[in-house]
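Q: no letters, just coordinates:
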């Protein structure tokens, strides 16, 4: 699989399907939970459970990936996606829904957090040359973001279904069944990947020479993820609903354009990274986006807030392909599957802690508090990342300067 262009196309296609599902599920989920009687704090708990469960499953997959067929793991993840879509509409009690969120695949955020993401990252990195690696990840992120934007637009479907006589609750549940169908299609695509795609099978420790670098990156990424957990897309939707009484159709349109702006920032990030480096690209695009988020929280009306949020969307995700490429670049090839998982797990764990707190804050007097906290923490993370890793260059940057 590593050297097959067709395998890349299959992975990109599966990413598009999953992104489309996440795009509408992350918006429909809080609306569905509110419809069956959940408040903002309970919605935050469900989001936190989803991210915590993602961390646990990602950790398990990370240790399994170096010794197992990546194709089989990808199919297993798609089957879990099917089960998630079927299970969510069945329950209306907080306990079972938290369990479904924990063991399921619904991603309440828009970033590169998910059970299948580290496996796909490792598979892509195996087939990419150093000089092309960031572009490969940029294409992957571009496809994911565009599909999520399209999915966000599809989140308005329940309102359309209610116009033809379907009840709102049934319409919302239908969206989750659609999510399960996308899981079936993803499983079919993964089954077309060739077998025997594990680059190294070894009983040795998955991380060796790069352990220190990976753990340090994981610690810093966890700060960024903890901050991001305050404004996962589901909770940002709740903020818009509560702060400005925004409709589901209007929110889906906003998240569509937000996703489009994020999507086209990915190839731009690859171009910028070739000029100023991966770490600099991560930091110097991230800081302005965090400032825009803070400005949005303080905005006096919906139009101004949406303007700042859209500006943020144009910059905030540029660190996604560059971060993925950087992790794959600073470890040895045998360590890549585990490095992808080890850096992803703390992100999921850290991001699972903040949504519950954000849900509580959304019930307070200053609804913009989660956005301000997120922006400040992300700026601190950017400074720490630049200080710690500005001198550790990936191969393409070292060779370009030699």
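A: Perfect, thanks for sending it. In this text, all values refer to a predicted model and were calculated from it rather than measured experimentally. Numbers count the residues shown, from 1 in each chain.
Q: low-confidence stretches in the stretch 151-300 of the chain?
A: Filtered on pLDDT under 70, the stretch 151-300 of the chain yields the residue ranges 196-207.
Q: what of the stretch 1-150 of the chain?
A: 1-4, 62-68, 109-113, 126-131.
Q: could you rerun that using 50?
A: Residue ranges of the stretch 1-150 of the chain with pLDDT under 50: 1-3.
Q: which residues in it form helices?
A: Listed in chain order, the helices of the stretch 1-150 of the chain (DSSP state H, counting those that start in this stretch) span 5-35, 40-64, 70-87, 94-103, 117-126, 133-154.
Q: so how far is the longest one off the chain centroid?
A: Taking the mean C-alpha point of helix 5-35 and that of its whole chain, the gap between them comes to 10 Å (C-alpha atoms, centre = their mean, to the nearest Å).
Q: got the angle between it and helix 133-154?
A: Interaxial angle of helix 5-35 relative to helix 133-154 (axes from the mean of the first three to the mean of the last three C-alpha atoms, to 10 degrees): 40 degrees.
Q: please name every helix or strand in contact with helix 5-35.
A: Contacts defined by 3 or more C-beta pairs under 8 Å, 6 or more residues apart in numbering; DSSP states H and E place helix 5-35 against helix 40-64, helix 70-87, helix 117-126, helix 133-154, helix 157-163, helix 168-190, helix 233-244, helix 248-276. The C-beta positions use only the backbone N, C-alpha and C, and glycine is treated the same way.
Q: can you point out the buried residues in that helix?
A: 7-8, 10-35 (16 or more other C-beta atoms under 10 Å).
Q: now the angle from that helix to helix 233-244?
A: Going by the same axes, to 10 degrees, helix 5-35 makes 40 degrees with helix 233-244.
Q: any idea how far the closest residue to residue 53 other than its chain neighbours is from residue 50?
A: In this structure, residue 53 finds its nearest non-sequential neighbour in residue 102, 3.4 Å apart by C-beta to C-beta, 6 or more residues apart in numbering. Noted for residue 102: a distance of 7 Å to residue 50, by C-beta to C-beta, to the nearest Å.
Q: could you do residue 247 as well?
A: Distance from residue 247 to residue 50, counting by C-beta to C-beta: 24 Å.
Q: more neighbours: which of those two?
A: Per other C-beta atoms under 10 Å, whichever of residue 247 and residue 50 has more neighbours is residue 50, with 30 against 13.
Q: show me what contacts the more buried one?
A: The neighbours of residue 50, taking C-beta atoms under 8 Å, 6 or more residues apart in numbering as the test, are 101-102, 104, 106-108, 352.
Q: including distance to residue 193 and neighbour count, could those residues go into JSON lines?
A: Shown next, in JSON lines, are the contacts of residue 50 (distance: C-beta to C-beta, whole Å; neighbours: other C-beta atoms under 10 Å):
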{"residue": "101", "distance to residue 193": "28", "neighbour count": "26"}
{"residue": "102", "distance to residue 193": "28", "neighbour count": "19"}
{"residue": "104", "distance to residue 193": "23", "neighbour count": "25"}
{"residue": "106", "distance to residue 193": "24", "neighbour count": "25"}
{"residue": "107", "distance to residue 193": "22", "neighbour count": "29"}
{"residue": "108", "distance to residue 193": "28", "neighbour count": "31"}
{"residue": "352", "distance to residue 193": "30", "neighbour count": "26"}
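Q: and those residues, which is closest to residue 366?
A: Closest approach to residue 366 among those (C-beta to C-beta): residue 108, at 22.2 Å.
Q: I'd say residue 286 and residue 384 touch.
A: No. With contact defined as C-beta atoms under 8 Å, residue 286 does not count as touching residue 384 (11.8 Å).
Q: out of those two, which sits in the more crowded spot?
A: Higher neighbour count among residue 286 and residue 384: residue 286, with 24 against 15, using other C-beta under 10 Å.
Q: and the more buried one, what element?
A: Element membership for residue 286, per DSSP states H and E: helix 278-297.
Q: just the buried positions in that helix, please.
A: Using 16+ other C-beta under 10 Å as the test for burial, helix 278-297 gives 278-287, 289-297.
Q: name the helices or strands packed onto that helix?
A: When contacts are defined as 3+ C-beta pairs under 8 Å, 6+ apart, helix 278-297 packs onto helix 248-276, helix 302-316, helix 319-329, helix 369-389.
Q: out of those helices, the one nearest residue 356 is which?
A: Taking the helices and strands packed on helix 278-297 one by one with C-beta to C-beta, helix 369-389 is closest: 11.1 Å.
Q: name the residues that touch the closest one?
A: In contact with helix 369-389 (C-beta under 8 Å, 6+ apart) are residues 216-217, 220, 223-224, 226-228, 230-231, 235, 239, 279-280, 282-283, 286-287, 289-291, 293-294, 296-298, 326, 354, 357-358, 361-362.
Q: go on, stretch 253-267?
A: For stretch 253-267, the external contacting residues (C-beta under 8 Å, 6+ apart) are 23, 27, 110, 135, 138-139, 141-142, 145-146, 148-150, 152-153, 155-156, 233, 237, 240, 246, 285, 306, 309-310, 313-318, 320-321.
Q: ok, back up a step: CSV please, covering the helices of the stretch 1-150 of the chain and showing distance to residue 211.
A: Formatted as CSV, those follow (distance: least, C-beta to C-beta, whole Å):
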stretch, distance to residue 211
helix 5-35, 27
helix 40-64, 14
helix 70-87, 22
helix 94-103, 29
helix 117-126, 17
helix 133-154, 21
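Q: fine, thanks again, bye for now.
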